[in-house]
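Novice: Sequence and predicted structure, then a few things I'm wondering about:
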There are 2 protein chains.
Amino acid sequence: MRPPNPGLRERKKARTRAELQRHALRLFREQGFAETTVDEIAAAADVSRSTFFRYFATKEDVVLFDDVDPLMAEAFAELPPDTPLLTALRTGVTTAFRRLPPEKRELEEVRMALVRSAPELQAAARERSGLTVTAIADQVADTYGRPHDDLDVLLFAGVVAGARLAAQALADRSGEAYIDVLDRVMMRLEDGLPLRELTIGEGSARLAAGIADRAARSDDTSGGASGGAADHRPDAPRREQHRM
Amino acid sequence: MRPPNPGLRERKKARTRAELQRHALRLFREQGFAETTVDEIAAAADVSRSTFFRYFATKEDVVLFDDVDPLMAEAFAELPPDTPLLTALRTGVTTAFRRLPPEKRELEEVRMALVRSAPELQAAARERSGLTVTAIADQVADTYGRPHDDLDVLLFAGVVAGARLAAQALADRSGEAYIDVLDRVMMRLEDGLPLRELTIGEGSARLAAGIADRAARSDDTSGGASGGAADHRPDAPRREQHRM
DNA sequence: CACTATTATGGAACTGAGTCTCATAAAATA
DNA sequence: TATTTTATGAGACTCAGTTCCATAATAGTG
């Protein structure tokens, strides 16, 4: 970007930032994300709390950075023009990832494991992922001259985002590296939608029951406003424990 | 559920809960979610702060309840056994929604508009939605006797979740009711993946540039702790303003 | 080198969400 | 009416995040 003139000041800042990140990552892994306070991180890096927040807007931000996307643009530009969009998105990501220098790649794995371990991080990651539905959709729409509220474009973007979510979940469950899983998932997607042949069939009752079940567990169900009767249980609420 | 014995105590609790919800929703709409404090809500409902947190674990929880899912299970069970899964999921939701009593339906619209307006709420809603990727996947896997880490199952779930995200984004942009948009989006999905014919073609350069651009602005996954040079800008950070 | 303008830093005070504990008041039960 | 159960209010506490200000370090200039 602007490599000339590192300058003492700049070097110092880079060092401070790196130190903060290093200690934060270490502490998070040692004690967990929620269990580590910003003060601890600042103390470990030997700066003040204020300084921490000057470098990172939130505690989550220390973990959320991205070395992959810039490389992706590059990988993208190298593909032949007749590459289908879906294929391009797949190879773009994986190629970019494979081109990461080994240390960064390793760090990336650590980072992703950490994100998976803390729900606050997962949420934050989703939220600021540059490749959420609207971001993908806007890019595609702009590129192909379609309106920003084009159903196909939005759905395409949604499906891609969904595939990423699926890959994350699968990586989590199978223990494989995310990047490999993502590759497989996207390849599968290029073949078309999975499970199209399934009908509710026998499963109907079980599915219905299962859904009702999970629905009951997940939220409240009150009617809320006016006179609604509801289920109340003062003293029950207390936020569900976050699994580590 | 357990309708017998409303009892004075129970009635009081239901009333308190409803009052809290009513005032919270009102205040959120009047001044915005972030701009309303829990103290204000408690004061408006004429209870203590402590009491608020006895009824709702978080500020978000006041808004996040769901009247639709229970009805969905019902709608589901009525479908013929040869209904494709995707179709079932679509009609299940829309039928359930249409069966809501009018006041609840209206409330549901208000609620959804509110959720769309505050990113904290969006995040919380996604997080506790009983129908996230893993929830859908588990249900499908259990029903059809597939392993919980089956790629097709996870991808299917991801695509469904993605379609919902797309519907939300589209509803947001077009101003239409979410439920109608969702119906259209799911129908489109039943026809197969959209935009499969698109290739990067001419767009290659523009797409690549656009991605690099957006990547620079946001991020997701990545590495860069140790020695990584990064961009530093003490005094720049300050959390990005939440658009209302 | 000295002087001045920038800019990073630390400190302190503040807000707001969420937790915890304890004493009290109100409803249920007998 | 007496006793037990349970909802409530009050206060103190933790932690993230913000704002302001005084100070120290660096950059730039004559």
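Specialist: Yep, it's here.

Novice: What average pLDDT does stretch A:114-121 get?
Specialist: The average pLDDT within stretch A:114-121 is 90.

Novice: and if you look at stretch A:185-202?
Specialist: 93.

Novice: Name the residues that touch it?
Specialist: A:84, A:86-87, A:89-90, A:93, A:159, A:163, A:166-167, A:170, A:207, B:76, B:79, B:81-86, B:88, B:140, B:144, B:151-156, B:158-159, B:189, B:192-193 (C-beta atoms under 8 Å, 6 or more residues apart in numbering or on different chains). In this view, the C-beta of every residue, glycine as well, is placed from N, C-alpha and C.

Novice: what do you get if the cut-off is 7 Å, keeping everything else the same?
Specialist: Residues from elsewhere that reach stretch A:185-202 (C-beta atoms under 7 Å, 6 or more residues apart in numbering or on different chains): A:86-87, A:89-90, A:163, A:166-167, A:170, A:207, B:79, B:81-85, B:88, B:144, B:151-152, B:155-156, B:159, B:192-193.

Novice: Out of the residues you listed, which end up buried?
Specialist: A:86-87, A:89-90, A:163, A:166-167, A:170, A:207, B:79, B:83, B:85, B:88, B:144, B:151-152, B:155-156, B:159, B:193 (16 or more other C-beta atoms under 10 Å in any protein chain shown).

Novice: Keep only those of those that are in helices.
Specialist: Among the buried ones among the contacts of stretch A:185-202, the members found in helices (DSSP state H) are A:86-87, A:89-90, A:163, A:166-167, A:170, A:207, B:85, B:88, B:144, B:151-152, B:155-156, B:159.

Novice: Flag every residue of chain A that's near DNA strand D.
Specialist: Contact residues, chain A versus DNA strand D (C-beta under 7 Å from any atom of the strand): A:7-10, A:12, A:36-39, A:49-50, A:53, A:57-60, A:233-235.

Novice: same thing but 10 Å
Specialist: A:5-13, A:33-42, A:48-50, A:52-54, A:56-62, A:120, A:124, A:232-236 (C-beta under 10 Å from any atom of the strand).

Novice: Low-confidence ranges, chain A, go.
Specialist: Applying pLDDT under 70 to chain A flags residues A:1-6, A:130-131, A:203, A:211-244.

Novice: that older thread, buried only: go through the residues of chain A next to DNA strand D for me.
Specialist: Neighbour counting by 16+ other C-beta under 10 Å classes A:13, A:33, A:36, A:38, A:41-42, A:52-54, A:56, A:59-62, A:120, A:124, A:232 among the residues of chain A next to DNA strand D as buried.

Novice: from the residues you listed, which are also near DNA strand C?
Specialist: Near DNA strand C, by the rule C-beta under 10 Å from any atom of the strand, you find A:13, A:42, A:52-54 out of those.

Novice: closest to residue B:99 among those?
Specialist: Residue B:99 has its nearest neighbour among those in residue A:53, at 49.2 Å by C-beta to C-beta.

Novice: Check whether the helix or strand where the closest one lies comes near chain B.
Specialist: Residue A:53 belongs to helix A:49-55 when assigned by DSSP states H and E. Yes - using C-beta under 7 Å from any C-beta of the partner chain, helix A:49-55 reaches chain B at A:53-55.

Novice: okay, now the domains of chain A?
Specialist: Following automatic domain parsing, chain A resolves into domains at A:9-62, A:68-190.

Novice: what about the longest one, start to end distance?
Specialist: So the one you mean is domain A:68-190. 22 Å (C-alpha to C-alpha, to the nearest Å).

Novice: repeat for the first one
Specialist: Across domain A:9-62, the terminal residues are separated by 21 Å (C-alpha to C-alpha).

Novice: quick one, what contacts the spatially closest residue to residue A:122 that is not a sequence neighbour?
Specialist: Leaving aside its sequence neighbours, residue A:122 sits nearest to residue A:115 (C-beta to C-beta, 6 or more residues apart in numbering or on different chains; 6.0 Å). By C-beta under 7 Å, 6+ apart, the residues touching residue A:115 are A:63, A:121-122, A:125.

Novice: Among the residues you listed, which ones are in strands?
Specialist: Using DSSP state E, no member of the contacts of residue A:115 falls within strands.

Novice: and which of these is nearest residue B:132?
Specialist: residue A:122 (10.6 Å).

Novice: any idea how far that closest one is from DNA strand D?
Specialist: 15 Å (C-beta to the nearest atom of the strand, to the nearest Å).

Novice: ranges for the helices of chain A?
Specialist: Remark: helices assigned in chain A by DSSP H are A:8-31, A:38-45, A:49-55, A:68-77, A:85-98, A:102-117, A:119-128, A:133-144, A:151-174, A:178-190, A:204-218.

Novice: Switch these over to CSV, and while doing so, append distance to residue A:197 to every line.
Specialist: CSV is the format used below for the helices of chain A (distance: least, C-beta to C-beta, whole Å):
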stretch, distance to residue A:197
helix A:8-31, 44
helix A:38-45, 51
helix A:49-55, 52
helix A:68-77, 34
helix A:85-98, 21
helix A:102-117, 32
helix A:119-128, 31
helix A:133-144, 27
helix A:151-174, 18
helix A:178-190, 15
helix A:204-218, 16
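
Novice: I'd like to know how many residues surround the closest residue to residue A:109 other than its chain neighbours.
Specialist: Of all residues not flanking residue A:109 in the chain, residue A:177 sits nearest, at 6.8 Å (C-beta to C-beta, 6+ apart). Number of residues near residue A:177 (other C-beta atoms under 10 Å in any protein chain shown) recorded here: 15.

Novice: tell me the phi and psi of residue A:177?
Specialist: Note on residue A:177: its backbone torsions stand at phi -70, psi 140 [degrees, to the nearest 10].

Novice: Against DNA strand D, how distant is it?
Specialist: 29 Å.

Novice: From residue B:178, how far out is the residue of chain A found nearest chain B?
Specialist: Residue of chain A nearest chain B, by C-beta to the nearest C-beta: residue A:162 (2.4 Å). Between residue A:162 and residue B:178 the computed distance is 17 Å (C-beta to C-beta, to the nearest Å).

Novice: Between those two, point out the one with more neighbours.
Specialist: Taking other C-beta under 10 Å, residue A:162 and residue B:178 do not tie; residue A:162 has more neighbours (28 against 20).

Novice: what's near enough to touch the more buried one?
Specialist: So residue A:162 contacts B:158-159, B:161-162 (C-beta under 7 Å, 6+ apart).

Novice: That one and residue B:103: what is the separation?
Specialist: To residue B:103, residue A:162 is 33 Å away according to C-beta to C-beta.

Novice: before we move on, what about residue A:169?
Specialist: According to C-beta to C-beta, residue A:169 and residue B:103 sit 37 Å apart.

Novice: Out of the two, name the residue with the larger neighbour count.
Specialist: Counted by other C-beta under 10 Å, residue A:169 and residue B:103 do not tie: residue A:169 has more neighbours, with 25 against 14.

Novice: Pretty sure the more buried one sits against residue B:154.
Specialist: Yes - using C-beta atoms under 7 Å, residue A:169 is in contact with residue B:154, at 5.6 Å.

Novice: which residues do the two both contact?
Specialist: In contact with both residue A:169 and residue B:154: B:133, B:137, using C-beta under 7 Å, 6+ apart.

Novice: and which of the ones next to DNA strand C among the buried ones among the residues of chain A next to DNA strand D is nearest to residue B:107?
Specialist: Closest to residue B:107, out of all of those and judged by C-beta to C-beta, is residue A:53, at 39.1 Å.
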